[in-house]
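Visitor: 3D, please:
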Amino acid sequence: MENPIPMEPAPEIGGPSLVSNEEIFRLILDSALDAFITIDAQGKILNWNKQAESIFGWSKAEAEGKEMMNLIIPPHSRPAHIQGMRRFLATGAGPILNKRIEVAAIRRSGKEFPVELTIVPAKIGEAWLFSACIRDLTEKKAVENRLSIQYEIARILMEARTLHDAALPMLQALLEHTSWDLGILWKSDPAAETLVCAEVAHRSTYPLPVFEARIRRKSFQKDVGLPGRVWAGGRPIWIKALSVGQSFPQSQDAVMAGLRSAFALPVLQGKEILGVFEFYGREISDEDAGMENELIAVSRQVGQFLVRLKIESDLEQIRDSLSLVPGIGIQASMLVGVEGPDVFRCLGVGASGHSTLQFPGNLGVGKRFEEILPADVFSAWLGNAKTVVGDQKPLVLKPGPSGLAGNGGTIEERWIPILDAEGRCTHIFIVARSA
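Guide: Model (predicted):
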């Protein structure tokens, strides 16, 4: 069967209608997602594709003919590069050739960043050429770093019993995973309406004993100093370049200590500001949205930790107070989270809670009342929880047929509201004793 669609004759391979092989090669390289660079045995750049322009900031016209080492290799790595080139030209062998490796490179601005590098040598006649494929790993490393920070902070906070236990290792971990050289955690003191220094830490290679000693003695009210401004405004603040004349008290001390940039952000739990993180660096620092998001996530972890400490302290005071009341001996306890008008979740069960309160022990922790209680018990528990939230005062259930545990009237229960700084009931502490 003949083809009804007329076809143009295919051009002959190598015919005049085809672009040159060199042009095809250039188009392929310019459409690549990675940087491709070719240099000669003297290190001079012969080819520089569009992605190389984008990654490093040098145009093709600016780069070609220049020494690659001076454009993209950090100064501290240049001696090793020179030695490696000499070794290869003398022996024909090199430890990093024909392999994928991760190294540091520099952009036109001088800022270092991580890359994946593959170098392939090729001999054309008597001349050696080296082709490099370079992939920017900045985003990949940022994601890995964010997960690593959050995991490390979560581990520290889980193991800590006090803020003192957590503050120093937490600051050290943050300095290790960021570019900052000194970190401070300020904790709010609502009674005194000030921020006080909970801890200060520095990189092991950059101690600042005089500056740190001054920081430990300071406190800030709202709108005073960088921490006070963050406390008042509730938003992060970047200071790209510190100067002696800036309008916050510790700027002169920081500059005299060799610090050039600063960043501070609030420690939040919901809308409540429980403290402030403050960081200083030796280099001028542009705003970094990725780093800011990482530290905001950490600040929320710390906010939850501080709330946990406050709840534990409140519960301890409640236990101590109840122990002083004649005839009351706590036999069981439970902590309940208030998540909505009709949503209450078990957060923890104390000694004998599963038997005394007829509650499913640790199997119920983290679940809502309706997920774990029989219908009749759930109805009673829900009603009493809503009463406690509404009245914001303890509810005492004397032994009798209405006992929430359905225990035949042998248990006395006290449902005690725990209020936040704004007077809202966020948790309920249930204690029980045998009558």
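Visitor: what's around residue 154, how many residues?
Guide: The local packing of residue 154 (other Cβ atoms under 10 Å) involves 14 other residues. Where C-beta positions appear, they are placed from N, C-alpha and C, glycine not excepted.
Visitor: Poorly predicted segments of the stretch 251-400 of the chain, please.
Guide: Scanning the stretch 251-400 of the chain for pLDDT under 70 picks out 314-331, 350-364, 400.
Visitor: the helices in it, which residues?
Guide: For the stretch 251-400 of the chain, the helices defined by DSSP state H, counting those that start in this stretch occupy 251-256, 289-323, 353-356, 369-372, 375-391.
Visitor: right, and residue 286 touches residue 239 too?
Guide: No: between residue 286 and residue 239 there is no contact under Cβ atoms under 8 Å: 11.3 Å.
Visitor: Those two: which is more packed in?
Guide: Neighbour count, other Cβ under 10 Å: between residue 286 and residue 239, residue 239 has more, with 19 against 10.
Visitor: And the pLDDT at the more buried one?
Guide: Note on residue 239: pLDDT of 90.
Visitor: how far away is the nearest residue to it once chain neighbours are set aside from residue 307?
Guide: Leaving aside its sequence neighbours, residue 239 sits nearest to residue 262 (Cβ to Cβ, 6 or more residues apart in numbering; 4.3 Å). Distance, residue 262 to residue 307, using Cβ to Cβ, to the nearest Å: 27 Å.
Visitor: and those two? which has more neighbours close in?
Guide: Shown here are residue 262 and residue 307; by other Cβ under 10 Å, residue 262 has more neighbours (24 against 17).
Visitor: tell me the contacts of the more buried one?
Guide: Contacts for residue 262 (Cβ atoms under 8 Å, 6 or more residues apart in numbering) come out as 226, 238, 239, 242, 254, 278, 279, 280, 281.
Visitor: can we see that at 10 Å?
Guide: 180, 182, 226, 237-242, 246, 248, 250-251, 254, 278-281, 285 (Cβ atoms under 10 Å, 6 or more residues apart in numbering).
Visitor: ok, now residue 217?
Guide: Residue 217 is in contact with residue 197, counting by Cβ under 10 Å, 6+ apart.
Visitor: what's the distance between it and residue 211?
Guide: Residue 217 sits 11 Å away from residue 211, going by Cβ to Cβ.
Visitor: Any buried residues in stretch 333-340, and which?
Guide: By neighbour count on 16 or more other Cβ atoms under 10 Å, the buried set for stretch 333-340 is 333, 334, 335, 336, 337, 338.
Visitor: what separates that stretch from the chain centre, distance-wise?
Guide: Relative to the centre of its chain, stretch 333-340 is centred 28 Å away, using Cα atoms, centre = their mean, to the nearest Å.
Visitor: With stretch 204-223 instead?
Guide: Mean C-alpha position of stretch 204-223 versus that of the full chain (Cα atoms, centre = their mean) differs by 23 Å.
Visitor: buried stuff in that stretch?
Guide: Within stretch 204-223, the residues scored as buried using 16+ other Cβ under 10 Å are 208, 211, 212, 214, 215, 218, 220, 222.
Visitor: got a list of what the residue positioned nearest the centre of the chain touches?
Guide: Nearest to the mean C-alpha position of the chain, by Cα atoms, centre = their mean, lies residue 294 at 3.1 Å. Residue 294 sits next to 142, 143, 145, 146, 147, 148, 149, 150, 174, 177, 178, 288 when contact means Cβ under 10 Å, 6+ apart.
Visitor: ok, now with 6 Å
Guide: Neighbour list for residue 294: 146, 149 [criterion: Cβ atoms under 6 Å, 6 or more residues apart in numbering].
Visitor: helix or strand for the nearest residue to residue 427 once chain neighbours are set aside, which one?
Guide: Distances taken as Cβ to Cβ, 6+ apart put residue 418 closest to residue 427, at 4.1 Å, once the chain neighbours are dropped. Assigned by DSSP states H and E, residue 418 falls within strand 411-419.
Visitor: how distant is the helix or strand following that strand from the center of its chain?
Guide: Once strand 411-419 ends, the next helix or strand along the chain (criterion: DSSP H and E) is strand 425-434. Relative to its parent chain, strand 425-434 has a centroid offset of 34 Å by Cα atoms, centre = their mean.
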